[in-house]
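Colleague: build the 3D model from these lines:
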Amino acid sequence: MHAVGGVVYHDVTERKWAQKAIDGGVDGLIAVNNRAGGHAGGLSPAELFDALASFGVPLVSAGGVGTAREFVDDLAIGYAAVQLGTRFIASTECKASDAYKQAIVTAQESDITLTERLSGIPVAVINNDYIRRLGTKAGPFARWMLRGHKTKHWMRTLYALNSVRRLKAGLSKSSGDGEYWQAGKSVAGIHDVRPAGDIVREFAAAWRAAGEAVTAATSR
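Modeller: Numbers count the residues shown, from 1 in each chain. Below is the predicted model:
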């Protein structure tokens, strides 16, 4: 990437993975916290920032931001930027199903659960009927496969293929039955499906207002 002028940021959930990324020459780190959808981390945004700040590269907070207030709070911690996933799934431009978008709008933080049955690694999803049927824990054979240095890759591939097959089957149904919906705990603050531009302008205005308030306070 660098050879053609590219910039590389790498997802990390803790310091040991960040060290490997830094050793590999990345330009920055995407700090995936314990509020993220998909493959979430185990630390809060503030804890993860403290763990990674000493690397001296730009840090992007990922997870748990669904409102302008949360966006401002994460930037105030010291992050250079914030990555939003769930909030932009619930946008008019996103090609996700209407069932997926409405599930985000109606979900509460308590509706987010972790399942190992999609990839072999805990994934944060909305606890819908499909996930309840699928289950959240790997079975005995899968756990044995996942413990092996080589066999874990075969098991994860099998999970991925099964997930794609079931997802394709679900997408053919307008009800959303058979879909798994990755989402983070930011669902608690997402109450509508809006154009992406409106979301960006709202968040940018909140950040500018926060900066103006700090400037006014320090100039007194």
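
Colleague: what's the burial count for A31?
Modeller: A total of 30 residues lie near A31 under the criterion other Cβ atoms under 10 Å. Glycine gets a C-beta too; all of them are placed from N, C-alpha and C.

Colleague: what does it show for phi and psi?
Modeller: In terms of degrees, to the nearest 10, the main-chain angles of A31 are phi -90, psi 100.

Colleague: let me see the contact set for it.
Modeller: Listed by Cβ atoms under 8 Å, 6 or more residues apart in numbering, the contact set of A31 reads V12, T13, G41, P45, L48, F49, L52, L59, V60, S61, A62, Y79.

Colleague: V123 too?
Modeller: With contact set as Cβ under 8 Å, 6+ apart, V123 has these partners: G38, H39, A40, L114, T115, E116, Q182.

Colleague: any of those residues buried? List them.
Modeller: The neighbour count (16 or more other Cβ atoms under 10 Å) marks G38, H39, A40, T115, E116, Q182 as buried among those.

Colleague: include distance to K20 when you put these into CSV, please.
Modeller: Below are these laid out as CSV (distance: Cβ to Cβ, whole Å):
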residue, distance to K20
G38, 20
H39, 16
A40, 19
T115, 26
E116, 23
Q182, 24
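
Colleague: quick check, nearest of those to E93?
Modeller: Of all those, Q182 has the smallest distance to E93: 17.9 Å, by Cβ to Cβ.

Colleague: quick one: that closest one from Y100, how far?
Modeller: The gap separating Q182 from Y100 is 9 Å, by Cβ to Cβ, to the nearest Å.

Colleague: redo the contacts of V123 as JSON lines? Include secondary structure.
Modeller: Shown next, in JSON lines, are those (DSSP: H, G, I helix; E, B strand; the rest coil):
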{"residue": "G38", "secondary structure": "strand"}
{"residue": "H39", "secondary structure": "coil"}
{"residue": "A40", "secondary structure": "coil"}
{"residue": "L114", "secondary structure": "strand"}
{"residue": "T115", "secondary structure": "strand"}
{"residue": "E116", "secondary structure": "coil"}
{"residue": "Q182", "secondary structure": "strand"}
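
Colleague: okay, these in a markdown table with distance to I30 and pLDDT next?
Modeller: Listed next are the contacts of V123 as a markdown table, based on distance: Cβ to Cβ, whole Å; pLDDT from 0 to 100:
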| residue | distance to I30 | pLDDT |
| --- | --- | --- |
| G38 | 12 | 92 |
| H39 | 12 | 90 |
| A40 | 13 | 93 |
| L114 | 20 | 93 |
| T115 | 22 | 86 |
| E116 | 22 | 80 |
| Q182 | 16 | 93 |
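
Colleague: now, which of the residues you listed sits nearest D129?
Modeller: Closest approach to D129 among the contacts of V123 (Cβ to Cβ): T115, at 13.2 Å.

Colleague: returning to that earlier point: which of the contacts of A31 fall within helices?
Modeller: Using DSSP state H, P45, L48, F49, L52 are the members of the contacts of A31 that sit in helices.
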